[in-house]
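Peer 1: Below is the sequence, then the predicted model.
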Amino acid sequence: MENICIKILQILPKLEPNTLDSLMKRLEDIGVSAENDLKYVHECDFTTIIRPIEARKVIDAW
């Protein structure tokens with residue numbers, strides 16, 4: 001999961017630490033345990049944590 005965290009910070013470098021923590025927790029909550037799982041994540045999985053454009057950037061990167 002650390003690789004995922006690093007990748008998110010590369011995409012959204014201004015993301016607040018508490019927001020990143022919430023985002024990582026959400027990924028764990030929905031069942032992401034490895035980078036392979038990211039292809040199943042959808043924008044709607046993030047919209048309560050980050051703004052829609054940020055979510056799209058993250059989704060597009062994987």
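Peer 2: Cool, got the structure.
Peer 1: Please tell me how far the residue nearest to the spatial centre of the chain sits from residue 1.
Peer 2: When C-alpha atoms, centre = their mean is applied to the chain, the residue found nearest the centroid is residue 23 (5.3 Å). Applying C-beta to C-beta, to the nearest Å, the value for residue 23 to residue 1 is 11 Å. Where you see a C-beta, it was placed from the backbone N, CA and C, and this is true even at glycine.
Peer 1: How many residues are close by the closest residue to the residue nearest to the centre of the chain other than its chain neighbours?
Peer 2: Spatial nearest neighbour of residue 23, chain neighbours left out: residue 49 (5.3 Å); criterion: C-beta to C-beta, 6 or more residues apart in numbering. Neighbour count of residue 49, defined by other C-beta atoms under 10 Å: 17.
Peer 1: ok, residue 49 - contacts?
Peer 2: 19, 22-23, 26 (C-beta atoms under 8 Å, 6 or more residues apart in numbering).
Peer 1: Could you rerun that using 10 Å?
Peer 2: Shown in contact with residue 49 (C-beta atoms under 10 Å, 6 or more residues apart in numbering): 15, 19-26, 55.
Peer 1: Likewise for residue 59?
Peer 2: Taking C-beta under 10 Å, 6+ apart, one finds 11, 38-39, 41-43, 45-46 in contact with residue 59.
Peer 1: Could you single out the nearest of those residues to residue 5?
Peer 2: Nearest to residue 5 among these is residue 11, at 11.1 Å by C-beta to C-beta.
Peer 1: Can you tell me the number of residues neighbouring the closest one?
Peer 2: 15.
Peer 1: now the one 3 residues further on
Peer 2: Residue 14 is flanked by 7 other residues according to other C-beta under 10 Å.
Peer 1: got a list of what it touches?
Peer 2: Taking C-beta under 10 Å, 6+ apart as the definition, contacts of residue 14 comprise residue 54.
Peer 1: how far away is it from residue 40?
Peer 2: According to C-beta to C-beta, residue 14 and residue 40 sit 27 Å apart.
Peer 1: All set, thanks.
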